[in-house]
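Engineer: Any chance you could fold what I've pasted below:
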Amino acid sequence: MDATGIDRVETMLSPNPGEPLKPMARIASGGETARILLAVRSVLSAADQTPTLVFDEVDVGVGGRSGHVVGEKLYGLTDSHQVLAITHLAQVAAFADAHYRISKTVEDDRTSTRVDELQPEERRTELAAMLGGLPVGEKSLQSAGELVGRVHAWKQNGADTTAQKTAPRRLARRTG
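Structural biologist: Sure, this is the predicted structure:
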């Protein structure tokens with residue numbers, strides 16, 4: 001016991017139906033912990049006054065199908081927050097309203113970091129590289145275009161057009 005009291009709080013998690021609760025700190029990976037934070041932020045977003053939320057690789061260890069769901073959840077937070085997401089997964093990056101590429105170069109034994117906002121065609125090329133690697137091929141470019149189109153349709157319709165239909169979503173956006 002100290003001046004702040006005697007309380008100890010531990011978050012318990014049952015990662016799968018039928019499993020007992022276990023300490024989150026012991027069983028959750030970094031990526032799972034980030035996705036749990038995303039879930040909590042999604043539920044509490046209306047009451048949260050934090051203007052900007054930053055998610056660094058919230059999609060670690062996630063495949064394309066789950067990455068799309070992570071992208072939906074991140075996009076859902078943009079109703080009331082500015083969301084910055086650092087990702088290597090095209091399915092998450094495709095939800096961005098603005099896409100930036102961060103690159104590093106070494107010149108004269110000095111490392112420089114550069115941030116470039118991508119224009120639509122540059123963005124499609126970057127998404128294609130995220131999907132299929134370098135060099136970017138025509139099929140990867142086609143897949144990137146389809147991905148962007150699917151996300152655009154989801155944003156316009158308020159429902160995921162590639163998975164089962166979900167409840168309509170608010171599309172009012174915070175700007176500025």
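
Engineer: May I ask which helix or strand of the chain has the lowest mean pLDDT?
Structural biologist: Per-element confidence for the chain was summarised using mean pLDDT, DSSP states H and E. The lowest value among helices and strands belongs to helix 30-44, with a mean of 78.

Engineer: quick one: contacts of that helix?
Structural biologist: When contacts are defined by Cβ atoms under 8 Å, 6 or more residues apart in numbering, helix 30-44 is touched by residues 13, 15, 24, 28, 48, 53, 55-62, 70, 73-74, 76-77. No exception for glycine: its C-beta is placed from N, CA and C like everyone else's.

Engineer: ok now it, how far from the chain's centre?
Structural biologist: Relative to the centre of its chain, helix 30-44 is centred 11 Å away, using Cα atoms, centre = their mean, to the nearest Å.

Engineer: residues of that helix that come out buried?
Structural biologist: Under the neighbour-count criterion of 16 or more other Cβ atoms under 10 Å, helix 30-44 has 32, 33, 34, 35, 36, 38, 41 buried.

Engineer: now those residues as TSV including distance to residue 147?
Structural biologist: Output for the buried residues of helix 30-44, formatted as TSV (distance: Cβ to Cβ, whole Å):
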residue	distance to residue 147
32	25
33	27
34	22
35	21
36	26
38	20
41	24
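
Engineer: where along this structure do the helices fall?
Structural biologist: Secondary structure of the chain (DSSP state H): helices at 24-27, 30-44, 64-76, 90-93, 120-132, 138-157.

Engineer: Quick check: residue 15 touching residue 24?
Structural biologist: No: in terms of Cβ atoms under 8 Å, residue 15 does not count as a neighbour of residue 24; the distance is 9.2 Å.
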